[in-house]
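Novice: can you look at this prediction? I've put the sequence above it.
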Amino acid sequence: MSSGEDKSVNKLVHDARSPLNRISMNAEMIKLILENDMPKEKGIQAVDKIINACQECSDTLQLLSTEHGDK
């Protein structure tokens, strides 16, 4: 793998970590909401953020597969 390809893969891995971090933070938020009987709307918002972050991560992984899977 060339240096340019390494940088491209590293960027895509970095781009995938960002939504994974949001997923983790929002899952922790849901746990706090459930443990503390907070309004369910806050939990729904956190779940929506998790769903969006999962899609973003999936898109990044698809891009990685498309760009580097054929080589």
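Specialist: Nice, thanks for sending it over.
Novice: centre of the chain versus stretch 36-51, how much separation?
Specialist: The chain centroid and the centroid of stretch 36-51 are separated by 17 Å under C-alpha atoms, centre = their mean, to the nearest Å.
Novice: ok, now which ones touch Glu56?
Specialist: Residues near Glu56 by C-beta atoms under 8 Å, 6 or more residues apart in numbering: Ser18, Pro19. Every residue, glycine included, has its C-beta placed from N, CA and C.
Novice: can you list the buried residues in the lengthiest helix in the chain?
Specialist: Counting residues, the longest helix found in the chain (DSSP state H) is helix 3-35. Of the residues in helix 3-35, Ser8, Leu12, Asp15, Ala16, Pro19, Arg22, Ile23, Asn26, Met29, Ile30, Ile33 count as buried by neighbour count, 16 or more other C-beta atoms under 10 Å.
Novice: what's it packed up against?
Specialist: Contacts defined by 3 or more C-beta pairs under 8 Å, 6 or more residues apart in numbering; DSSP states H and E place helix 3-35 against helix 40-68.
Novice: mean confidence for the helix it packs on?
Specialist: Mean pLDDT, computed over helix 40-68, is 89.
Novice: what's the angle from that helix to helix 3-35?
Specialist: Counting by axes from the mean of the first three to the mean of the last three C-alpha atoms, to 10 degrees, helix 40-68 lies at 160 degrees to helix 3-35.
Novice: and helix 40-68, how far out from the chain middle?
Specialist: Remark: helix 40-68 is offset 5 Å from the chain centroid, using C-alpha atoms, centre = their mean.
Novice: return the set of buried residues in that helix.
Specialist: Gly43, Ala46, Lys49, Ile50, Ala53, Glu56, Cys57, Thr60, Leu64.
Novice: which pair in those has the greatest spatial separation?
Specialist: Maximum pairwise distance in the buried residues of helix 40-68, criterion C-beta to C-beta, is 31.3 Å, between Gly43 and Leu64.
Novice: show the pLDDT at Leu32.
Specialist: For Leu32, the predicted pLDDT is 94.
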